[in-house]
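J.: Sequence and predicted model, in that order:
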2 protein chains.
Amino acid sequence: MKNTITYFGLPGSFSNIAAEKFNNTNDLLSCVSLEEIFQRIGKSENDLGVIPIENTLHGRVVESYDLLNKYHLFITNEVVLRINHCLLTINNEISVDEIKSCFSHYQAFAQCENFFGKHPGIIQIIVNDTATAARDLSKTGDSTSAVVGSKKAGEIYGLTIYKEHLENHRDNFTRFAVISRRLKKDGEKASILFSVKHVPGSLSHVLSSIASKNFNLTTIESRPIEGKPWEYRFFVDLIKPENGNFNTLVEGLEDKCESVKLLGIYSQSPVYET
Amino acid sequence: MKNTITYFGLPGSFSNIAAEKFNNTNDLLSCVSLEEIFQRIGKSENDLGVIPIENTLHGRVVESYDLLNKYHLFITNEVVLRINHCLLTINNEISVDEIKSCFSHYQAFAQCENFFGKHPGIIQIIVNDTATAARDLSKTGDSTSAVVGSKKAGEIYGLTIYKEHLENHRDNFTRFAVISRRLKKDGEKASILFSVKHVPGSLSHVLSSIASKNFNLTTIESRPIEGKPWEYRFFVDLIKPENGNFNTLVEGLEDKCESVKLLGIYSQSPVYET
């Protein structure tokens, strides 16, 4: 039986591209809300979801982090895309100064802030995802409108790739997580979520314990705990040493944390072009 | 001689409110770009700037963090506002379903995503800052348009406070930094920026050193280093113990870090309502 992989946005969204890079033999299902993906995967033993979690230019997708805290799901894979934001139009017979409005996701606009700073005449309109923007433009056929989205979205919806690489910097990577009800056993990388007592040294105590076992911490993010202003929970990504065991590591952290959860074990992703 | 305090956005922006809460006797100057604020303060011995750095719902303002890394300026104060996002209109004679378009900053839209999810008929249009949106609406007088902005922006530009608290959660705080060319000597809180060698335990080694001197780490953020994919620099906020000295602490970290910089010493801010 094939499993279904649910991703954020319509076909042509960057999450859709990430889902295909991850696995192109399964059925892919579009979903317009991150929380609906978590709800759907929570009900199904075998299905998987693909969500964006971190962009190098714009920072964390905090909604995804907060949902990873709220729902009891695991990360089974990561997928890293180099994001090429294209300006998509109906045709290339207009000059950029004739473009009156542009539709996209707010994170895409944030990653292309320099371009829109240079073209203040273009009105930026937020839609749910970049591929929805592309589909809607192809429907209206408005030659004075544009979309920021993937090259793939341009191809799917028959739009012109008017200009590539609108992003502020070519080093524009988005890391996606594949989520599932099942915790995978193998992989050199893991994500852990924990909170600590609000006393000096408690975070350092946890990180020292991790370091003393030769696990390498690659990223760390603190997120405010709702209803406890200025208290934080921490999300860390770790690479294990040879013969290291993530389950044993997390068990050893239990008495040092208020709460600790192994969010997932997975392999490091190569960078895929888009 | 009075100093000038430059803030992001037009009068009525949340940075403008933060600047007034910080000091309402100085001359306030509006500026439409975060980088221009850094450039301006870098040229003036006595002037100050006010920039947003962190929001509890939407996360870090990564542009501010990256500018704190790029420019040699210091944080001299923090100002914390509880953000009350108001729906501002020309009058209250329309129903919410008759509102066709809404103008605001993309971060404001991100903080009010639930409201706009319930009202998909309202087109969301990005402008440079929430107060610019309010000023422009008051100029056009379009009764089917709205703005997400502060109550103060509504009052300044003569708009109707159609609805308060559009934000997803009432615990919606933004932390602003006051920046200056001068490093302040007094304060119980500090921000430090550092990078470490890309080997296991190097981050933990730095944090252990901080903890061993009884400084309490309140937040930590990793930001990718441009041109070095998957290497990070770290921003931490610390509270010092009685008789603790931040300068001595940072000197002691120099041999443990690739680079380390004291970003500023300041007092903790109370929460101001908006």
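T.: All right, it came through fine. Numbers count the residues shown, from 1 in each chain, chains lettered A, B, ... in the order given.

J.: For the residue nearest to the spatial centre of chain A, list each beta-bridge partner.
T.: Computing the C-alpha centroid of chain A and ranking residues by CA atoms, centre = their mean puts residue A:52 first, at 1.3 Å. For residue A:52, the beta-bridge assignment (DSSP bridges) gives partners residue A:176.

J.: Would you confirm that it contacts residue A:14?
T.: Yes: Residue A:52 is within contact range of residue A:14, at 7.0 Å (criterion: CB atoms under 8 Å). C-beta: built from backbone N, CA, C; applies to glycine.

J.: joint contacts of these two?
T.: Counting by CB atoms under 8 Å, 6 or more residues apart in numbering or on different chains, the contacts common to residue A:52 and residue A:14 are A:174, A:176.

J.: What is the burial count for the closest residue to residue A:201 other than its chain neighbours?
T.: If you skip the residues right next to it in sequence, residue A:201 has residue B:211 as its closest partner in space, 3.6 Å away by CB to CB, 6 or more residues apart in numbering or on different chains. Residue B:211 has 20 neighbouring residues, counting by other CB atoms under 10 Å in any protein chain shown.

J.: for residue A:272, same thing?
T.: Close neighbours of residue A:272, defined as other CB under 10 Å, add up to 15.

J.: Equivalent analysis for residue A:118, please.
T.: Once other CB under 10 Å is used to define contacts, residue A:118 is seen to have 9 neighbours.

J.: And for the one 5 residues further on?
T.: Summarising burial for residue A:123: neighbours were counted as other CB under 10 Å, giving 18.

J.: same deal with the one 5 residues further on?
T.: Burial measure for residue A:128: 17 neighbouring residues, criterion other CB under 10 Å.

J.: hang on, it is in a helix, isn't it?
T.: No: secondary structure of residue A:128 (DSSP: H, G, I helix; E, B strand; the rest coil): coil, not part of a helix.

J.: you'd agree it is up against residue A:105?
T.: Yes: counting by CB under 8 Å, residue A:128 touches residue A:105, with 7.2 Å between them.

J.: now the strands: where do they sit in the stretch 101-250 of chain A?
T.: Residue ranges of the strands in the stretch 101-250 of chain A, as given by DSSP state E, counting those that start in this stretch, are A:101-104, A:123-126, A:145-149, A:160-163, A:173-180, A:189-195, A:216-225, A:228-239.

J.: what sits against the closest residue to residue A:55 other than its chain neighbours?
T.: Nearest residue to residue A:55 in three dimensions, chain neighbours excluded: residue A:174, at 4.6 Å (CB to CB, 6+ apart). Applying CB under 8 Å, 6+ apart, we find residue A:174 in contact with A:14, A:18, A:52, A:54-56, A:80-81, A:83.

J.: Repeat the analysis, applying 10 Å as the threshold.
T.: Applying CB atoms under 10 Å, 6 or more residues apart in numbering or on different chains to residue A:174 gives the contacts A:14-15, A:17-18, A:52-58, A:61, A:79-83, A:107, A:111, A:274.

J.: Could you pick out the buried ones from these?
T.: Neighbour counting with 16 or more other CB atoms under 10 Å in any protein chain shown marks A:14-15, A:17-18, A:52-58, A:61, A:79-83, A:107, A:111, A:274 as buried within the contacts of residue A:174.

J.: count of residues packed around residue A:121?
T.: 11.
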